[in-house]
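[1] return a 3D structure for these sequence lines:
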Amino acid sequence: MMSIAAIIVAAGRGERAGGVIPKQRRLLGGRPVFLWSLEAFIRHPDISECVLVVPTSEVTEYSEHCPQGTKIVAGGDTRTASVLAGLTACSNDQTDAVLIHDAARPGLDSSIISRLIDALDKADAAAPALKVVDALKRKSPNRVEAVNRDHLYRVQTPQAFEFRMIQSALSGGGDYVDDLAAIEAQNGTVALIEGNERLAKITLPEDHHRMEQTLMPSPPTPRFGSGFDVHALVPGDSVTLCGVTIPHTHKLKGHSDADVAWHALTDAILGAAALGDIGDHFPPSDPQWRGVDSAVFLKHAVQIAESAGWQLTSCDVTVICEAPKVKPHREAMRRRTAEITGLPLGAISVKATTTEGLGFTGRGEGIAAQASAVLSVLGRAD
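    Prediction:
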């Protein structure tokens with residue numbers, strides 16, 4: 001049997017796709033985009049090893065999601081350099097063939113892999129391709145003219161190769177539009193198999209949503225998180241709740257500004273994204289957070305949730321105290337929370353209640369707050 005390797009190229013920045021993080025690591029159905037293809041290769045019985053090529057600065061971020069046994073290597077400044085890095089990482093003496101795939105094409109399935117491997121029996125390289133069915137036009141400054149679409153194809157990945165031939169072809173120093181072009185330049189034989197629209201590439205922001213609809217017709221389930229916090233009251237002249245200073249006979253005791261409401265909301269967001277709690281990110285023992293505005297904590301929670309592929313879509317904060325009265329300041333608290341989180345005002349609820357004189361809040365010894373947060377897949381709030 002042949003020894004066949006799979007290389008997934010994820011070293012590009014994907015800037016045209018927008019977003020806080022590269023398109024290859026954005027979540028698609030709760031999984032990073034690149035992981036869809038990696039898992040498809042791992043599941044296929046004919047694939048002997050998988051190599052993931054990533055940006056040098058993001059090896060750790062990718063490795064956190066990869067199944068055991070995945071080889072992760074740093075890519076180069078060009079696609080060709082990145083592919084060569086992946087080829088070098090393969091077990092060269094044992095590898096007979098290799099499939100090279102773009103990480104931004106998550107719709108890979110076992111049928112495509114099998115048909116590409118079979119096609120190598122009669123060709124030096126193989127690739128999935130779709131016939132061009134739309135009318136084509138060439139536009140010049142003064143006219144538009146038809147282009148004959150006969151024998152024209154849209155070529156996809158993965159592309160399959162005899163291992164030593166593609167390694168030699170790419171080592172010649174050229175930079176190619178795709179790996180198939182290197183074989184074409186060597187007058188190698190190329191087979192085209194029938195492609196699939198599921199293999200479309202995520203390039204622009206709207207492509208991510210389109211791919212979600214293709215691979216997951218049902219909307220992904222939102223995430224829900226809850227948070228709870230307590231701070232003691234000590235002599236002072238005001239308390240800070242949801243970023244608003246409220247005159248009072250006491251102040252809240254805490255390492256930062258002790259904004260108990262935003263601390264609870266920060267924990268709710270982190271909890272929904274499964275990213276730990278506020279103490280993990282801002283330890284009370286760290287002097288740099290002494291007296292800091294809790295807006296720093298809340299912004300951080302929103303941003304790292306987005307980095308993990310989640311966007312905050314709504315939140316609800318309840319302040320529990322006998323005094324001060326929250327209702328007169330509620331709209332200001334909502335507006336300030338909207339400023340920090342980026343949410344529309346209608347997606348933010350702030351309310352207050354008492355414990356009817358019971359417990360530490362009833363005795364005026366402290367203020368408690370609880371909060372909930374709903375996160376949806378980034379770019380899809382439905």
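[2] so where's this structure uncertain?
    For the chain, the stretches with pLDDT under 70 are 13-21, 92, 217-219, 379-382.
[3] now do the helices in the stretch 1-150 of the chain.
    In the stretch 1-150 of the chain, the helices defined using DSSP state H, counting those that start in this stretch lie at 33-43, 59-63, 79-89, 110-119.
[4] what's the answer for the stretch 251-382 of the chain, then?
    Going by DSSP H, counting those that start in this stretch, the stretch 251-382 of the chain shows helices at 260-272, 278-281, 295-307, 330-341, 359-362.
[5] between those, which one is nearest to residue 199?
    With distances scored as Cβ to Cβ, the stretch of those nearest to residue 199 is helix 295-307 (26.9 Å). To be clear about C-beta, it is placed using only N, CA and C from the backbone, and glycine gets the same treatment.
[6] show me what the closest one is packed up against.
    Helices and strands touching helix 295-307, by 3 or more Cβ pairs under 8 Å, 6 or more residues apart in numbering; DSSP states H and E, are helix 260-272, helix 278-281, strand 310-320, helix 330-341.
[7] so it versus helix 260-272, what angle?
    20 degrees (axes from the mean of the first three to the mean of the last three Cα atoms, to 10 degrees).
[8] show residues contacting helix 295-307.
    For helix 295-307, the surrounding residues in contact (Cβ atoms under 8 Å, 6 or more residues apart in numbering) are 19-21, 243, 256, 262-263, 265-266, 269-270, 272-273, 275, 278, 281-282, 311-312, 337, 340-342, 375, 378.
[9] hmm, residue 363 and residue 323 touching each other?
    No. Residue 323 is beyond contact range of residue 363, at 11.3 Å (criterion: Cβ atoms under 8 Å).
[10] separation between residue 122 and residue 320?
    Per Cβ to Cβ, to the nearest Å, residue 122 is found 73 Å from residue 320.
[11] who's more crowded, the two?
    Counted by other Cβ atoms under 10 Å, residue 122 and residue 320 do not tie: residue 320 has more neighbours, with 23 against 9.
[12] need the contact list for that one.
    352-355, 361, 367-370.
[13] same list, those residues, but as a markdown table with neighbour count and distance to residue 105 please.
    A markdown table is the format used below for those (neighbours: other Cβ atoms under 10 Å; distance: Cβ to Cβ, whole Å):
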| residue | neighbour count | distance to residue 105 |
| --- | --- | --- |
| 352 | 20 | 51 |
| 353 | 13 | 51 |
| 354 | 13 | 56 |
| 355 | 14 | 56 |
| 361 | 22 | 55 |
| 367 | 28 | 52 |
| 368 | 20 | 49 |
| 369 | 26 | 45 |
| 370 | 21 | 43 |
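[14] what about residue 255, distance to residue 302?
    Distance from residue 255 to residue 302, by Cβ to Cβ: 21 Å.
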